[in-house]
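Q: Let me see the structure of the following:
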Amino acid sequence: MKAVVLTGLRQMEIRDVPAPEILEEEDVLLKVKMVGICGSDLHYYETGRIGAQVVEYPFIIGHECSAVVEAVGRGVGGVKAGDTVVVDPAVACHECAQCKKGRENTCENLRFLGSPGQGGGCLCEYIVMPQECCFPVEGVISLEEGVLCEPLAIGLYSVERARMAGAADVAILGAGPIGLSCLLAAGTQQDGATCYVTEKVDGRMEGARRGGAAWVGNPDREDVVAEILQRRPSGVAVAFECAGQQETVDQAVDLVKAGGRVVLIGSPRTDRVSFDVDKIRRKEITIVNIRRQNKCTQKAIDLIASHKVGVDFMVTHRFEADRARDAFEMVAGYRDGVIKALIVF
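A: Below you'll find the predicted structure:
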């Protein structure tokens, strides 16, 4: 089969690789249709690592995908050949202490698509996943919407972990796909949240406005903390940090009111970030870390299918597989107002 293979820093090529096979009764062979480029994919593309997870070349990345079932194992009953599915990229063991606590997202033996040391990715024609990771969406949502279920699930999980009590004032720092997913998820809370969004890319600023932000500001052009605090003098209840930058971590701490929460979602490219201890102690701020998502894939599918949120506006670019490197370079450079670029097989 054809695969888009990472061969070095910022280097990709199309290669013929062995096609996967059904080995277990619960396995599902999937023909990949669309793959979204995620921020974590960019980390591997540009730097070859995320923390302790280091790429060994050649390697196939990618984890956001929609697919069509090609064949199924003998024990599969939930999907059949020809079904369109959304793929949850995380395969939990269900046996470790974390899984038994219901924390499959921090499974001690987790295998994740396109994650070094865990599993190859979905930037290829076929993959095999267990039945539990295949969510049927035939006639319910589109293939493009299916790709966006993975980031939307992270947004939903992040809002759940923020424990927002009904309507709240929130800040979202960074309006990439994850930040926009937090925006959409926060808007579905009881009475809806009033969301203030910061972003440096004009196209993504417009995306935040389309997604329902009450105010959008560019930190390169204005003092976004002062602007938001002018509107909410006591601060916001929750700040979602979605950029993985020291600058946005500091802004989140400044924006949150006493007793509020800073929710860290962005993946920093450095090994450490710091906090102003005096500020977080005096305001008794709760710091919440997000590790992907947990049991929110079906919720994302149902939310899109209900038409309570629209995610199509996030897809701004589409590339054929043989232009995958062009797609990654464009996303890495934040060019052409890109929000979400898709690789189409």
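Q: Let me see the domain layout of this structure.
A: As assigned by automatic domain parsing, the chain contains the domains 2-148+311-344, 152-289.
Q: Tell me the secondary structure at Ile22.
A: With DSSP: H, G, I helix; E, B strand; the rest coil as the basis, Ile22 sits in coil.
Q: which residues touch it?
A: Ile22 makes contact with 28-29, 71-73, 128 under the criterion Cβ atoms under 8 Å, 6 or more residues apart in numbering. Heads up, the C-betas are built off the backbone N, CA and C, glycines and all.
Q: Asp202 now?
A: Taking Cβ under 8 Å, 6+ apart, one finds 218, 337 in contact with Asp202.
Q: same thing with Asp220?
A: Residues near Asp220 by Cβ under 8 Å, 6+ apart: Lys200.
Q: if I look at it, how far off is Ala243?
A: Distance of Asp220 to Ala243, given as Cβ to Cβ, to the nearest Å: 13 Å.
Q: tell me the secondary structure for the residue sitting nearest the centre point of the chain?
A: For the chain, Pro151 is the residue whose C-alpha lies nearest the centre (Cα atoms, centre = their mean; 3.2 Å). Assigned by three-state DSSP, the conformation of Pro151 is helix.
Q: how about the strands in the stretch 101-250 of the chain?
A: Ranges of strands within the stretch 101-250 of the chain are 111-112, 126-130, 134-136, 169-173, 194-198, 215-217, 236-241, based on DSSP state E, counting those that start in this stretch.
Q: okay if I get those as CSV plus distance to Val338, mean neighbour count and mean pLDDT?
A: Shown next, in CSV, are the strands of the stretch 101-250 of the chain (distance: least, Cβ to Cβ, whole Å; neighbours: other Cβ atoms under 10 Å; pLDDT from 0 to 100):
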stretch, distance to Val338, mean neighbour count, mean pLDDT
strand 111-112, 24, 18, 96
strand 126-130, 25, 21, 98
strand 134-136, 27, 20, 98
strand 169-173, 18, 29, 97
strand 194-198, 17, 26, 97
strand 215-217, 17, 20, 98
strand 236-241, 21, 28, 97
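Q: Tabulate those strands (CSV), appending distance to Gly82.
A: Shown next, in CSV, are the strands of the stretch 101-250 of the chain (distance: least, Cβ to Cβ, whole Å):
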stretch, distance to Gly82
strand 111-112, 26
strand 126-130, 15
strand 134-136, 11
strand 169-173, 39
strand 194-198, 40
strand 215-217, 42
strand 236-241, 39
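Q: how near is the nearest residue to Cys134 once chain neighbours are set aside to Gly121?
A: Spatial nearest neighbour of Cys134, chain neighbours left out: Val85 (4.4 Å); criterion: Cβ to Cβ, 6 or more residues apart in numbering. For Val85, the distance to Gly121 (Cβ to Cβ) stands at 17 Å.
Q: count of residues packed around the residue nearest to Leu173 when sequence neighbours are not counted?
A: Nearest non-adjacent residue to Leu173, counting by Cβ to Cβ, 6+ apart: Thr248, 4.0 Å away. For Thr248, the neighbour count with other Cβ atoms under 10 Å is 26.
Q: Thr248 against Gly174, yeah?
A: Yes - in this structure Thr248 lies within contact range of Gly174 using Cβ atoms under 8 Å: 6.1 Å.
Q: Name the residues contacting each of these two.
A: Counting by Cβ under 8 Å, 6+ apart, the contacts common to Thr248 and Gly174 are 198, 241-242, 266.
Q: now for those residues, which pair is the farthest apart?
A: Greatest spacing in the shared contacts of Thr248 and Gly174, by Cβ to Cβ: Thr198 and Gly266 (12.3 Å).
Q: okay, and the common contacts of the two?
A: Here Thr198 and Gly266 have 174, 248 as joint contacts, going by Cβ under 8 Å, 6+ apart.
Q: what's the most buried one of the domains of the chain?
A: Of these, the one with the most neighbours on average (mean count of other Cβ atoms under 10 Å) is domain 152-289, at a mean of 20.
Q: Figure out the length between the terminal residues of that domain.
A: This stretch, domain 152-289, spans 17 Å end to end (Cα to Cα, to the nearest Å).
Q: Ala324 versus Met73, what's the distance?
A: For residue 73 the amino acid is Gly, not Met. Applying Cβ to Cβ, the value for Gly73 to Ala324 is 30 Å.
Q: can I assume the residue nearest to the centre of the chain is in contact with Gly179?
A: No - Pro151 lies out of contact with Gly179 (Cβ under 8 Å); the separation is 9.5 Å.
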